[in-house]
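> build the 3D model from these lines:
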Amino acid sequence: MEWITKDTIDRAERFLWASGRVLEQRRFAYLFGTGRSAGPGAGGGRTTRAEPDRAGLLAALAGYRTPDGAYAYGLEPDVRGPEPQPATLRTAMPVLAEADALHGPDAARLCDWLAGVAGDAGGVPPALPGLRDYPHPPWLIVPDPPVPGLIPTGWIVGPLLRAGVEHPWLPAATEFCRTAVEQVQTTHPYEVEAAVTFLDGVPDRRWARTQARRLGELVREQRLVLLDPAHPEQARLAPGYAVGEYHLPHDFAPHPDSAARAWFTDAELRRGLRALAAAQEEDGGWPLRWAEWSPTVRAEARPAITIDALNVLRAYDGALSGGA
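Sure, this is the predicted structure:
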């Protein structure tokens with residue numbers, strides 16, 4: 001089954017050139033190329049797509065880097081201000097992983113910063129006290145003292161382990177995530193996403209498969225996944241989630257080699273992917289699904305959401321058996 005077409009990509013490209021930040025424009029060009037070598041009147045028009053520009057992508061990301069090696073300045077649209085926050089790495093880590101940039105001095109400095117803000121057990125909190133002085137959504141609580149959690153530690157540690165990164169902080173952070181995953185009982189979709197990201201990177205694959213099976217059972221028992229978009233009443237929205245903020249199978253398994261892929265049948269994944277493809281809006285972008293607390297955040301979040309959707313659709317192209 002073909003989930004992504006040239007038209008899908010072209011429409012998304014027009015949206016990103018019209019509405020994307022430099023980072024998302026560079027990220028799209030790196031992942032999908034650009035379809036125009038020159039503008040109208042210059043003899044350009046559509047051509048073969050350009051070679052990936054890794055340096056341009058990393059330069060765009062570097063504009064959000066803070067002096068201590070972390071990231072701020074609205075890189076994660078929900079986290080504003082100049083103070084680096086672990087939650088911001090929810091946006092940074094996929095870009096660094098895609099660009100194969102989790103090695104070298106910049107990544108080492110980032111891990112040094114994480115070690116400095118981590119708790120005694122190695123986990124990092126979503127938000128540090130400095131966020132209180134800057135705009136942030138009401139659901140991003142800033143406790144005092146900060147409380148480390150599987151969110152965002154799993155989202156951070158998983159890609160580092162998958163890339164084979166070594167750092168003195170990582171063994172403690174890995175053990176923190178292992179313990180946190182084993183203790184997950186009543187949960188919610190974003191915590192499950194963080195757990196799966198960690199499971200996809202942890203070297204102990206036997207342990208990862210065992211924990212993945214247990215998490216998959218919890219997801220179904222607690223109705224955290226919408227298996228049929230035509231029947232939203234069959235899923236349960238977690239407390240505090242926006243109306244319609246459901247998670248579909250591909251949200252937990254964004255690529256076929258994910259630890260969560262085994263949770264779902266091909267038919268269940270097809271239904272979700274069909275809904276994802278159909279959600280592309282008239283302007284070529286995908287919609288914001290979580291609560292909108294600022295018009296600026298909506299404008300800045302949609303380009304990354306669009307690239308994520310394209311990545312999922314491309315990852316599953318031809319990967320499922322059966323028809324549409």
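> where in the protein is pLDDT low?
1, 35-51, 322-324 (pLDDT under 70).
> roughly how far does Glu83 sit from Gly130?
3 Å (CB to CB, to the nearest Å). Bear in mind the C-beta positions are built from the backbone N, C-alpha and C, glycine included.
> which one's more surrounded, those two?
Using other CB atoms under 10 Å as the criterion, Glu83 and Gly130 rank with Glu83 on top: 19 against 14.
> what's the more buried one in contact with, if anything?
Thr66, Ala72, Leu128, Gly130, Leu131, Asp133, Tyr134 (CB atoms under 8 Å, 6 or more residues apart in numbering).
> how many residues are close by the closest residue to Ala173 other than its chain neighbours?
Excluding the flanking residues, the one nearest Ala173 by CB to CB, 6 or more residues apart in numbering is Gly122, at 4.1 Å. Neighbour count for Gly122, taken as other CB under 10 Å: 21.
> the contacts of Glu83: which two are farthest apart?
Thr66 and Asp133 (15.1 Å; CB to CB).
> these two: which has the busier surroundings?
The neighbour comparison of Thr66 against Asp133 (other CB under 10 Å) goes to Thr66, with 16 against 12.
> picking that back up, how far away is the residue nearest to Ala173 from Leu150?
12 Å.
> now do Leu227
Counting by CB to CB - Leu227 and Leu150 are separated by 24 Å.
> who's more crowded, the two?
Comparing Leu227 with Leu150 by other CB under 10 Å, the one with more neighbours is Leu150, at 25 against 19.
> does Cys222 touch Arg236 like I think?
Check again: residue 222 is Gln, not Cys. Yes. If you go by CB atoms under 8 Å, Gln222 and Arg236 touch, sitting 6.8 Å apart.
> which one of those two is surrounded by more residues?
Gln222 (17 against 14).
> give me phi/psi at that one?
phi -90, psi 10 (degrees, to the nearest 10).
> tell me the contacts of it?
Contacts of Gln222 (CB under 8 Å, 6+ apart): Thr186, Thr187, Arg236.
> I'd like those residues as TSV, with distance to Trp169 and secondary structure appended.
Compiled in TSV, those are given as follows (distance: CB to CB, whole Å; DSSP: H, G, I helix; E, B strand; the rest coil):
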residue	distance to Trp169	secondary structure
Thr186	29	coil
Thr187	26	coil
Arg236	36	coil
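> of the residues you listed, closest to Ala212?
Using CB to CB, the contacts of Gln222 come closest to Ala212 at Thr187, 13.6 Å.
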